[in-house]
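Q: Based on what follows, work out the 3D shape:
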Amino acid sequence: QEIFGKDNFFIELMRHDLEEQKQIEPLLIKLANETNAPLVATNDCHYLNKQDAKAQDALLCIQTNRLIEETDRMRMRTQEFYFKTQQEMYDKFNDLKEVVDNTFLIAKNCSVKLDLGKLIYPVFSKNMEIDSKMLEKLAKEGLEKRIKNFGLENQKNIYYNRLEYELNVIKQMNFSGYFLIVWDFINYAKSNSIPVGPGRGSAAGSLVSYSLGITDIDPLKYGLLFERFLNPERTSMPDVDVDFCVERRDEVINYVQNKYGQYNVAQVATFGTMLSKAVIRDVARVMGFSYAQADKIAKLIPTNATLEEAINQVEQLKKMIQEDKKVEELFNLSKTLEGLKRHASKHAAGVIISQEPIYNRCPLYKPAGEDAIIAQFSKEHLEDVGLIKFDFLGLRNLTVIDFAVKLIKKYEDEKFDLLNIPMDDEEVFKLLQNGTTLGVFQLESSGMQKLISELKPTVFEDLIALVALYRPGPLGSGMVKDFIERKHGISKVEYPLPQLEPILKETYGIILYQEQVMQIANVLAGYSLAEADILRKSMGKKDKEKMAQQRNGFVERCVKNGIDEKKAESIFDLMEYFAGYGFNKSHSAAYAYIAYQTAYLKTHYPVYFMCALLTSEANNTDKVAIYIDECNRLNIPILPPDINESYTNFTVVYHKDSNKKAIRFGLSAIKNVGEAAIESIIEEREKGSFKDLSDFLNRVNQRKVNKKVVESLIKSGCFDFFDKNRNQLLLQIENPKKVSLDLFGSDNDLNLLPQTTTTQEEITKYEKDLLGVFISYNPLKKYENVIKSLDINYTSQLENLNDESEIKLIGVISSLKEIHTKNKQTMAFVNFTDLHGSVEIVAFPALYEELKQLKF
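A: Okay, here's the model as predicted:
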């Protein structure tokens, strides 16, 4: 009362039919009388209606991973925790009605006004004026360097006119500080050798971004529009998304936190929603349904359908609900929970940078066991409270490119510069035309490989188009087929009007990009590019009333420019149709640039590129198997780990047997060999190569390189240089005459095989168990020609197939793990390996029982 004031302090009463509350209520009333504090009646609300109590109980079980039928679990002991009406509260407190009325008194004294929709414009230095001058200076200096580096002196006026226009718009919209903040953290990344992408999204359409080094795509060269990125006639924040090396992204986030203050920088929350299929699986689990039962029901629900829609559309579901009370209860509970937020997590990219502590405008939290500070508003609501989100994305391909370039500089050409490679390299386009694009950014899926081999790109602009074409809309509309036929002269390239040829020439008369819609409106109807962007956006929203207005305005302005009314109407219809499929050309160009860079590396430096790819996916054995298969196709030898040659990651080495460069497995790829052991081995090896196993055992740190580590090193082939008989080496480490008992005591029995020879089958098993892949020998290799002649699938194709596709595989069972269900039935997880990789297969009890009867 002394702190908050006598009139602002109340003692709270609750009546949820709980014994504890009944016991404490007289004491609370007595305390109120003694202190002259008013009483107030409240009700704890965990759900909206009384009948929702069962659904809330199911939700509790989902959150705590318990079954509804369990008695010794967290639960609400009554069904009174719902939002009560005024009359229900009066009835609950019929002996103390005045304490209910006190809620009005509290509400009357509360006054909260949220200043929503007002942006806090970011400031980089002291004020906006200084920011504008600084931005202009940096942009002009940067553009001068670009012009000099790329020999653009004869177009200098064009570039400077565009730059002046963009700078004026940015200044008028008060976004100079925003650009400087982005420039600063990108400059930090580049200064610290943290790979940064060439651009992402519409920001690649800005010459200011290009001049500052925020992007590396020349917007004038590729016809990219600034207004698609920042429209002076539509006030909204610019959105610069930045790709960083996936392994070092957090360093950039730490930099901005240190620069702007711990509470002025936060990452953004994202909320998982309980959608139809997921909520059915969750509720079924806590109700005690088996996994197979829940899976069967969930798979009957059409994609993107609500539960109500699914029941109306799927007769089998309707029948199950009518015939089974438990299934009916499952759907009743699930429908109540459908759409609720299931959990909060950290957004993959979003970072807020604010001029003031973020907690002034948004609640914050720290996830358990993490240092990251998270804003509790989702990205959709941050702008409402004036906060600005920047996207810091991690892109693995940048890590691959960076590692490959470092290898090239180390072993081939120390002056190699990926930013200065020719963009019309014939060999690169040959590789692309053949569709051998595994590992090439954006172009490695089987569908894209098929498309690219049909399109046969000949210029960089074709790659920009490919990124835009390979989407469900264009693929399903016939646009892709038309594009390919026009490129190859099978179909005639036609333009609705001659004025449109400069706009549509690079896409063979087809409207493929959103920017082309804007340019058509600009050329035919005299729209400013800012107006044209508003038209483009309206077309995407499919608002019939607004579109009718836009149509009339477009046609009228075309007629004023001397274009036939009917022709103007047909062109508007064409624009509206293609706007539904149109893609952001700026984003396509930026990602096509990364695609070209990776294709260039694969073409001219395949060993280094594949080594970088393998290193980036070292923890993904499925990907490693696919890339090793590609190395075999490229005639790049893959060597097992070697105790004297291997480092942490995959490395490029000279292979005497084949007289060419090869890729050597890294020590981190070996199961049971941790970071501490690897560091210890490499540190000791720097004093001199290991002569043999005994020399190795006598020199390494015994605490870090223990018995299990040595066994794994031997089995994976690390000592093949000394003795290829791996079992003999395993026997040797058990011999106390050869090895110190301090290192290899009798605590853990190694279960070593007694034989002193090592069969090919044993080597393949060792490699599969410890490296996840076959290196020395694939047991299916002798059947390769037969397998290729059959109509079957490969494990490497599975990620590109639709769910519930029927497939045929030929391979070997490389491991099998049995488990028992709650009903004491046996099921298994089977690791299945073919010529191109492996996949884990779940065999449920009925199927597994059937499989066990087969003779293998």
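
Q: so what's residue 749 scoring on pLDDT?
A: Listed pLDDT for residue 749 reads 42.

Q: got the CA coordinates for the longest strand along the chain in CSV?
A: Using DSSP state E, we find that the single longest strand of the chain is strand 341-353. Below are the C-alpha coordinates for strand 341-353, written out as CSV (Å, rounded to 0.1, in the frame of the first residue of the first chain):
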residue,chain,number,x,y,z
LYS,A,341,-0.2,-22.1,-31.0
ARG,A,342,1.7,-25.2,-30.0
HIS,A,343,5.1,-23.8,-29.2
ALA,A,344,7.4,-20.8,-29.5
SER,A,345,10.8,-21.0,-31.2
LYS,A,346,13.4,-18.8,-32.7
HIS,A,347,12.8,-17.5,-36.2
ALA,A,348,15.4,-18.8,-38.6
ALA,A,349,16.5,-15.3,-39.8
GLY,A,350,14.7,-12.4,-38.1
VAL,A,351,16.7,-9.9,-36.0
ILE,A,352,15.4,-6.6,-34.6
ILE,A,353,17.8,-3.7,-34.3
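
Q: Following the chain onward from it, which element is next?
A: Counting by DSSP states H and E, the next helix or strand C-terminal to strand 341-353 is strand 364-365.

Q: What lies in contact with the very next helix or strand once past that next one?
A: Note on strand 364-365: by DSSP H and E, the next helix or strand toward the C-terminus is strand 374-375. Residues from elsewhere that reach strand 374-375, judged by Cβ atoms under 8 Å, 6 or more residues apart in numbering: 266-269, 344, 346, 352, 358, 362-367, 382, 387. Where C-beta positions appear, they are placed from N, C-alpha and C, glycine not excepted.

Q: let's see it at 10 Å
A: Defining contact as Cβ atoms under 10 Å, 6 or more residues apart in numbering, one finds that strand 374-375 is touched by 265-270, 344-347, 350-352, 354, 358-359, 361-367, 381-382, 385, 387, 389.

Q: Pull out the buried positions in the longest strand of the chain.
A: 342, 347, 349, 350, 351, 352, 353 (16 or more other Cβ atoms under 10 Å).

Q: Please apply the same query to stretch 299-306.
A: Buried-residue list, stretch 299-306, by 16+ other Cβ under 10 Å: 300, 301, 305.

Q: cool, and stretch 504-523?
A: Buried-residue list, stretch 504-523, by 16+ other Cβ under 10 Å: 504, 506-523.

Q: Ok, stretch 389-401 next?
A: Those buried within stretch 389-401 under the rule 16+ other Cβ under 10 Å are 389, 390, 391, 392, 393, 394, 395, 397, 398, 399, 400, 401.

Q: Which of those residues fall in strands?
A: Using DSSP E, the buried residues of stretch 389-401 in strands are 389, 390, 391, 392, 393, 394, 395.

Q: The third one pairs with what?
A: Read that as residue 391. residue 241, residue 350 (DSSP bridges).

Q: For it, which residues are in contact?
A: For residue 391, the contact set (Cβ under 10 Å, 6+ apart) comprises 200-201, 239-243, 268, 347-351, 379.

Q: Mind doing that once more with 8 Å?
A: Here residue 391 is in contact with 200, 239, 240, 241, 242, 349, 350, 351 (Cβ under 8 Å, 6+ apart).

Q: what's the spacing between it and residue 267?
A: 11 Å (Cβ to Cβ, to the nearest Å).

Q: who touches both of those two?
A: Between them, residue 391 and residue 267 share these contacting residues under Cβ under 8 Å, 6+ apart: 350, 351.

Q: Tell me which of the buried residues of stretch 504-523 fall in strands.
A: If you go by DSSP E, the buried residues of stretch 504-523 have nothing in strands.

Q: Run a quick neighbour tally on the residue nearest to residue 597 when sequence neighbours are not counted.
A: Of all residues not flanking residue 597 in the chain, residue 418 sits nearest, at 5.6 Å (Cβ to Cβ, 6 or more residues apart in numbering). Residues within reach of residue 418, counting by other Cβ atoms under 10 Å, total 15.

Q: Model confidence at residue 781, what's the number?
A: Looking at residue 781, its pLDDT is 70.

Q: I figured it was touching residue 835, is that so?
A: Yes: the criterion here is Cβ atoms under 8 Å, and residue 781 meets it with residue 835 at 7.4 Å.

Q: neighbour count winner among these two?
A: More neighbours surround residue 835 than the other of residue 781 and residue 835, with 21 against 11 (other Cβ under 10 Å).

Q: quick one on the thing from earlier: possible to save the buried residues of strand 341-353 as CSV with distance to residue 334 and pLDDT?
A: Shown next, in CSV, are those (distance: Cβ to Cβ, whole Å; pLDDT from 0 to 100):
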residue, distance to residue 334, pLDDT
342, 13, 82
347, 27, 84
349, 31, 88
350, 30, 89
351, 35, 93
352, 35, 92
353, 40, 92
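
Q: Show me which of these is closest to residue 457.
A: Of all the buried residues of strand 341-353, residue 349 has the smallest distance to residue 457: 29.7 Å, by Cβ to Cβ.

Q: contacting residues for residue 297?
A: 280, 284, 289, 317, 320, 327, 330.

Q: Closest one to residue 585 out of the residues you listed, please.
A: Closest to residue 585 out of those is residue 280 (41.2 Å), distances taken as Cβ to Cβ.

Q: quick one, what contacts that closest one?
A: Counted by Cβ under 8 Å, 6+ apart, residue 280 has contacts 294, 297, 298, 301, 307, 330, 331, 334.

Q: Closest one of the residues you listed to residue 824?
A: For those, the nearest to residue 824 is residue 294 (19.0 Å; Cβ to Cβ).

Q: OK, contacts around the closest one?
A: 280, 281, 284, 285.

Q: Now intersect those with the helices, please.
A: 280, 281, 284, 285 (DSSP state H).

Q: Relative to residue 831, how far out is residue 795?
A: Residue 795 is 11 Å from residue 831, where distance means Cβ to Cβ.

Q: what touches both of those two?
A: Any residue near both residue 795 and residue 831 by Cβ under 8 Å, 6+ apart counts here, and that gives 838, 839.

Q: For the closest residue to residue 57 other than its chain neighbours, identify the helix or strand it belongs to.
A: Spatial nearest neighbour of residue 57, excluding adjacent residues (Cβ to Cβ, 6+ apart): residue 75 at 6.1 Å. Of the helices and strands defined by DSSP H and E, none includes residue 75.
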